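Chemist: Predicted model follows, preceded by the sequence.
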Amino acid sequence: EPEVTQTPSHQVTQMGQEVILRCVPISNHLYFYWYRQILGQKVEFLVSFYNNEISEKSEIFDDQFSVERPDGSNFTLKIRSTKLEDSAMYFCASSIQGATGELFFGEGSRLTVL
Amino acid sequence: GIQVEQSPPDLILQEGANSTLRCNFSDSVNNLQWFHQNPWGQLINLFYIPSGTKQNGRLSATTVATERYSLLYISSSQTTDSGVYFCAVVRNAGNMLTFGGGTRLMVKP
């Protein structure tokens, strides 16, 4: 069964360092998303991406965040200068028909900022 | 934005018991999904159910969109059912899934 894959599964970084989280969405999906979950809290929307541009972003997704689809398969989330409060599980998701259709989530990338 | 409330927040069951989890939402929706977050943090799709009733093995779900709630039924619970169950919705004309706070389920042997 097709699935969304994410790398790395866990990354530890120093405050102020740049981090890139990678995702390979399901191959025929056109809509891509990043969500995050701070430990013990609810899952929060960060950004949605369609047709090579951001379609919507939350207030969490400030200037230190960026997303990119560098080739036909990868979808990346970059955090330019990490802060302690960026420590969280980051989930990538994809769907065929946008948010009205079923979203499928990857296994998550746990980011720990020291 | 839309509000999503789940109840109960915590639930402890003995193995073999049945349970009902509830999700209330504050606005009309065109997508509703139930997820199980396992102890490793993975979000497992359970149901895509913007309306109606679906069943998958011991799990079933019902969404009454006109009354703005959904129910997840777990029958004959097993220890592997433990984890957090999330409801998530997309409001009409919206572009993002909004998650509820989850129900943390512990099934004891």
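Modeler: Ah, there it is.
Chemist: give the contact list for residue B:40.
Modeler: Residue B:40 makes contact with residue A:107, according to CB atoms under 8 Å, 6 or more residues apart in numbering or on different chains. From N, CA and C alone the C-beta is placed, and that goes for glycine too.
Chemist: is the residue most central in space within chain A in a bridge, and if so with what?
Modeler: Nearest residue to the geometric centre of chain A (CA atoms, centre = their mean): residue A:34, 3.2 Å. On DSSP bridges, the residues paired with residue A:34 through beta bridges are residue A:47, residue A:92.
Chemist: can I assume it is in contact with residue A:88?
Modeler: No. Using CB atoms under 8 Å, residue A:34 is not in contact with residue A:88; the gap is 10.9 Å.
Chemist: quick one: terminal-to-terminal distance for stretch B:64-82?
Modeler: Using CA to CA, to the nearest Å, the gap from the first to the last residue of stretch B:64-82 comes to 26 Å.
Chemist: hmm, back to that, ok, now which ones touch the residue nearest to the centre of chain A?
Modeler: A:21, A:23, A:46, A:47, A:67, A:77, A:90, A:91, A:92, A:93.
Chemist: That one and residue A:109, how far apart?
Modeler: 10 Å (CB to CB, to the nearest Å).
Chemist: now do residue A:33
Modeler: Applying CB to CB to residue A:33 and residue A:109 gives a distance of 14 Å.
Chemist: How about residue B:51?
Modeler: 33 Å.
Chemist: between those two, which one's more packed in?
Modeler: residue A:109 (23 against 13; other CB atoms under 10 Å in any protein chain shown).
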